[in-house]
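**Student:** sequence? don't have it. structure:
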């Protein structure tokens with residue numbers, strides 16, 4: 001089961017917004033009452049049940065959590081300059097996470113390739129399930 005990125009975790013409630021909600025509803029075809037996995041990007045994994053689906057958000061009820069679920073015994077840091085094609089840079093980040101990378105550094109310079117989205121790095125890393 002692929003984990004989603006939970007937003008606004010409040011006690012036993014959490015929400016999915018934007019692209020995560022759209023992916024859950026339209027691509028994964030999840031419905032109210034189904035269970036999903038989610039992460040908060042801080043080392044916790046949650047098991048939750050879908051309570052309500054709205055046009056722009058999904059309300060979830062958390063019924064289980066696991067701490068430090070993705071920690072690895074080694075520490076891998078990726079330091080890279082942006083590649084010419086932004087999608088190749090995202091692919092590199094995704095593969096580094098799959099191989100155990102936990103942090104990354106960006107070397108942004110005045111002549112970075114046009115169209116490079118500086119904010120996509122953390123989002124790309126958090127979205128990748130760890131093996």
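**Tutor:** Ah, there it is. Bear in mind that the values here come from a model prediction, so they are computed numbers and not experimental data. Numbering: from 1, shown residues only.
**Student:** and the strands in the protein?
**Tutor:** Listed in chain order, the strands of the chain (DSSP state E) span 4-5, 7-10, 13-17, 35-39, 44-53, 57-67, 77-80, 103-106.
**Student:** who does the shortest one pair up with?
**Tutor:** Each strand paired with strand 4-5, and its direction, by DSSP bridges: strand 35-39 (parallel).
**Student:** what residues sit buried inside the partner strand?
**Tutor:** The neighbour-count check on strand 35-39 (16 or more other C-beta atoms under 10 Å) flags 36, 37, 38, 39 as buried. For glycine as for every other residue, the C-beta is placed from the backbone atoms N, C-alpha and C.
**Student:** how close does the closest residue to residue 15 other than its chain neighbours sit to residue 20?
**Tutor:** Using C-beta to C-beta, 6 or more residues apart in numbering and skipping residues adjacent in sequence, the residue nearest residue 15 is residue 8, 4.7 Å away. Going from residue 8 to residue 20 by C-beta to C-beta, to the nearest Å gives 12 Å.
**Student:** out of those two, which sits in the busier spot?
**Tutor:** residue 20 (18 against 12; other C-beta atoms under 10 Å).
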